[in-house]
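[1] Show me the folded form of this:
(one chain, ligands or ions: 1)
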Amino acid sequence: MTTTPRLSHAGTSAAGAHFEDLERLRLLNPMYDAVIDQIDGRMIRIGDQWLADFASCNYLGFDLDPEIMDAVEPMLREWGTHPSWSRLLGNPRPYIDIEERLTELLGAPDTLVLPTISHIHSTVIPVLAGQGTVLMDSQAHKTIYDGCSIARGRGATLLRFEANDPDALEAQLRKADPSLPRVVCMDGVNSMTGNTPDLPAFAQLCRDYGALLYVDDAHGFGVIGERPDEENPYGLRGNSIVRHFDETYDNLVLVGGFSKAYSSLMAFLALPTHLKNLIKVAAPPYLYSGPSPTASLATVLAGLTVNDTRGDVLRADLYRKTKVVLDTVEKLGMHTPNTSGLPIIELPLAEAEDIDAVGEFLFSRGIYVTLAAYPLVPRDQVGFRIQVTASNTDEEIDELCEVLTDLHHKFEMRWAE
Ligand SMILES: Cc1ncc(COP(=O)(O)O)c(C=O)c1O
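    Just a heads-up that it's a prediction; the model follows:
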């Protein structure tokens with residue numbers, strides 16, 4: 001017998017109604033708000049059910065890497081569990097080591113690390129924009145949107161432009177006051193489509209107009225890098241989207257994080273030293289926030305070492321595994337917006353209402369994915385997202401492909417044209 005879910009506060013107001021689908025899934029679907037009881041490699045146990053995990057962002061498998069795990073305890077012994085000064089008050093030496101290594105890896109003028117990208121967007125975008133104009137890509141990540149909204153609240157003008165359309169951006173740039181700062185905010189590798197924007201076109205446009213391009217490459221850092229070619233389509237070194245496109249950091253601030261490919265909790269800005277110094281005194285996370293814990297410092301430093309020694313092998317493996325899934329999706333005639341070959345594969349449903357049943361089907365077959373429900377995505381994009389990691393086994397990938405084949409007989413997907 002199915003019972004109608006009793007929606008808590010979510011169903012009782014206009015704002016709550018907006019989240020009703022999500023709240024229903026949270027209450028009823030095993031794929032939301034789950035308690036993970038155990039992990040074994042990339043397998044997870046929820047209650048009695050073991051599932052292959054395709055929902056994490058641990059793209060390089062660093063969360064499971066013994067060399068990285070072994071780096072934690074010695075650093076805890078040296079520095080204690082948490083450097084509880086705000087960064088302005090005191091920086092344990094590993095912070096400086098991380099920034100120096102990151103600056104070299106990215107080929108950037110300088111870098112500044114802070115706890116999370118969300119912290120960075122909400123505090124740095126308003127500082128950069130001042131009383132000027134923020135121009136936001138219409139598909140930018142919610143955390144960018146929040147940062148832009150705060151900037152607007154502090155007196156900036158907020159303009160949007162159609163995603164991945166440099167002409168649309170140019171039309172908006174013409175409206176912005178050139179005597180004040182103009183900051184163009186967008187994603188690098190998009191967290192839903194897995195695709196990259198035309199970075200060279202946007203960077204050139206920003207330089208032509210004297211605007212600053214602010215790019216969030218949370219999903220690209222560690223995965224894409226310099227000198228991509230046919231043999232290595234992701235490129236080398238995982239040094240993110242600017243190097244992937246052989247671009248420069250002129251008029252460009254890159255934001256990235258270690259909480260995805262590097263399986264740690266830390267984020268960074270790549271920027272000129274004069275902006276770094278401004279942010280040190282003007283952005284609250286540097287002044288006030290509890291910094292990343294020592295275990296994060298240790299896993300970031302060890303992750304940078306593993307990236308140097310084994311990163312390109314892991315990326316090649318990630319590409320190979322992702323290709324198996326994308327080839328299956330293509331063979332089944334399913335639509336995915338992914339045209340890049342990167343390990344984020346969204347599969348939209350023909351009928352948004354099928355999301356509950358699709359979630360239950362995948363769960364019962366031992367496949368764990370991200371359900372992309374409304375309002376996380378617009379109604380016409382409701383579906384699910386698969387994220388492949390280098391530490392998914394070939395057997396898990398084969399199992400996923402088998403389950404997708406069965407799913408495509410059972411449910412109406414959006415089909416490829
Ligand atoms: C594009 C993008 N930016 C930022 C974030 C948030 O990153 P953090 O956990 O460092 O705040 C995410 C995570 O979902 C993301 O996908």
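[2] from here on, contacts and neighbour counts on C-alpha atoms
    Noted.
[3] so what's residue 243 closest to, chain neighbours aside?
    residue 226 (4.8 Å; CA to CA, 6 or more residues apart in numbering).
[4] So what sits opposite the one you found in the bridge?
    residue 236 (DSSP bridges).
[5] isn't it right up against residue 246?
    Yes. In this structure, residue 226 is within contact of residue 246 by CA atoms under 8 Å, at 6.8 Å.
[6] More neighbours: the two, which one.
    In this view residue 226 and residue 246 are compared by other CA atoms under 10 Å, and residue 226 has more residues nearby, 22 against 13.
[7] For the more buried one, give me the pLDDT.
    Residue-level confidence at residue 226 comes out at 98, pLDDT.
[8] ok now do it, which residues does it touch?
    Residue 226 makes contact with 235-240, 243-246, according to CA atoms under 8 Å, 6 or more residues apart in numbering.
[9] Format those as a markdown table; extra columns: pLDDT and distance to the ligand.
    Output for the contacts of residue 226, formatted as a markdown table (pLDDT from 0 to 100; distance: CA to the nearest ligand atom, whole Å):
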| residue | pLDDT | distance to the ligand |
| --- | --- | --- |
| 235 | 98 | 20 |
| 236 | 98 | 21 |
| 237 | 98 | 20 |
| 238 | 98 | 16 |
| 239 | 98 | 16 |
| 240 | 98 | 13 |
| 243 | 98 | 18 |
| 244 | 98 | 17 |
| 245 | 98 | 18 |
| 246 | 98 | 21 |
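[10] can you list the residues of the chain near the ligand?
    Proximity of the chain to the ligand (CA under 6 Å from any ligand atom) is limited to residues 116-118, 141, 143, 187, 191, 216, 218, 257, 259, 267.
[11] Apply 5 Å and report the result again.
    Neighbours of the ligand within the chain, by CA under 5 Å from any ligand atom: 116-118.
[12] now, which of those residues sits nearest residue 39?
    residue 116 (24.8 Å; CA to CA).
[13] if I pick the nearest residue to the closest one once chain neighbours are set aside, what's in contact with it?
    Nearest residue to residue 116 in three dimensions, chain neighbours excluded: residue 267, at 4.8 Å (CA to CA, 6+ apart). Applying CA under 8 Å, 6+ apart, we find residue 267 in contact with 113-117, 120, 255-259.
[14] Who is residue 267 paired with across the strands?
    residue 114, residue 257.
[15] want to try TSV for the residues of the chain next to the ligand, with pLDDT and secondary structure as columns?
    Formatted as TSV, the residues of the chain next to the ligand follow (pLDDT from 0 to 100; DSSP: H, G, I helix; E, B strand; the rest coil):
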residue	pLDDT	secondary structure
116	97	coil
117	98	helix
118	97	helix
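[16] Could you measure from residue 176 over to residue 158?
    Residue 176 sits at a distance of 10 Å from residue 158 (criterion: CA to CA, to the nearest Å).
[17] picking up where we left off before, among the contacts of residue 226, which one has the most neighbours?
    residue 240 (28 neighbours).
[18] the strands in the stretch 151-300 of the chain, which residues?
    157-161, 182-187, 212-216, 252-257, 267-270 (DSSP state E, counting those that start in this stretch).
[19] Okay, now the sheet partners of the first one, with direction.
    Okay, so that is strand 157-161. The strands that strand 157-161 pairs with in its sheet are strand 133-137 (parallel) (by DSSP bridges).
[20] Let's see stretch 103-115 as PDB, backbone CA atoms only.
    The C-alpha coordinates for stretch 103-115 follow below in PDB (Å, rounded to 0.1, in the frame of the first residue of the first chain):
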ATOM      1  CA  THR A 103      50.500  28.300  -8.000                       C
ATOM      2  CA  GLU A 104      53.100  26.300  -9.900                       C
ATOM      3  CA  LEU A 105      50.600  23.600 -10.900                       C
ATOM      4  CA  LEU A 106      48.100  26.100 -12.300                       C
ATOM      5  CA  GLY A 107      50.700  28.300 -13.900                       C
ATOM      6  CA  ALA A 108      48.900  31.200 -12.100                       C
ATOM      7  CA  PRO A 109      50.300  34.500 -10.900                       C
ATOM      8  CA  ASP A 110      49.300  33.600  -7.300                       C
ATOM      9  CA  THR A 111      46.800  31.600  -5.300                       C
ATOM     10  CA  LEU A 112      44.800  31.900  -2.100                       C
ATOM     11  CA  VAL A 113      43.200  29.000  -0.300                       C
ATOM     12  CA  LEU A 114      40.000  29.200   1.800                       C
ATOM     13  CA  PRO A 115      37.700  26.500   3.200                       C
END
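[21] Show me what whichever strand or helix holds residue 150 packs onto, helices and strands only.
    Using DSSP states H and E, residue 150 maps to helix 142-153. Judged by 3 or more CA pairs under 8 Å, 6 or more residues apart in numbering; DSSP states H and E, the packing partners of helix 142-153 are helix 117-129, strand 133-137, strand 157-161.
[22] Pull the distance from that helix to the chain's centre.
    Helix 142-153 sits 17 Å away from the centroid of its parent chain (CA atoms, centre = their mean, to the nearest Å).
[23] Ok, stretch 323-342 next?
    The answer for stretch 323-342 is 20 Å, by CA atoms, centre = their mean.
[24] need the contact list for the nearest residue to residue 107 once chain neighbours are set aside.
    Closest residue to residue 107 apart from its sequence neighbours, by CA to CA, 6+ apart: residue 243 at 7.7 Å. By CA under 8 Å, 6+ apart, the contact list for residue 243 reads 106-107, 225-227.
[25] need these in JSON lines with distance to residue 35, can you?
    Shown next, in JSON lines, are those (distance: CA to CA, whole Å):
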{"residue": "106", "distance to residue 35": "37"}
{"residue": "107", "distance to residue 35": "40"}
{"residue": "225", "distance to residue 35": "35"}
{"residue": "226", "distance to residue 35": "38"}
{"residue": "227", "distance to residue 35": "41"}
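[26] So residue 376: helix, strand or coil?
    coil (DSSP: H, G, I helix; E, B strand; the rest coil).
[27] List phi and psi for residue 60.
    phi -90, psi 0 (degrees, to the nearest 10).
[28] Summarise which helices and strands the longest helix along the chain is packed against.
    The longest helix of the chain (DSSP state H) is helix 294-331. Helices and strands touching helix 294-331, by 3+ CA pairs under 8 Å, 6+ apart, are helix 66-69, helix 72-79, helix 93-106, helix 394-410.
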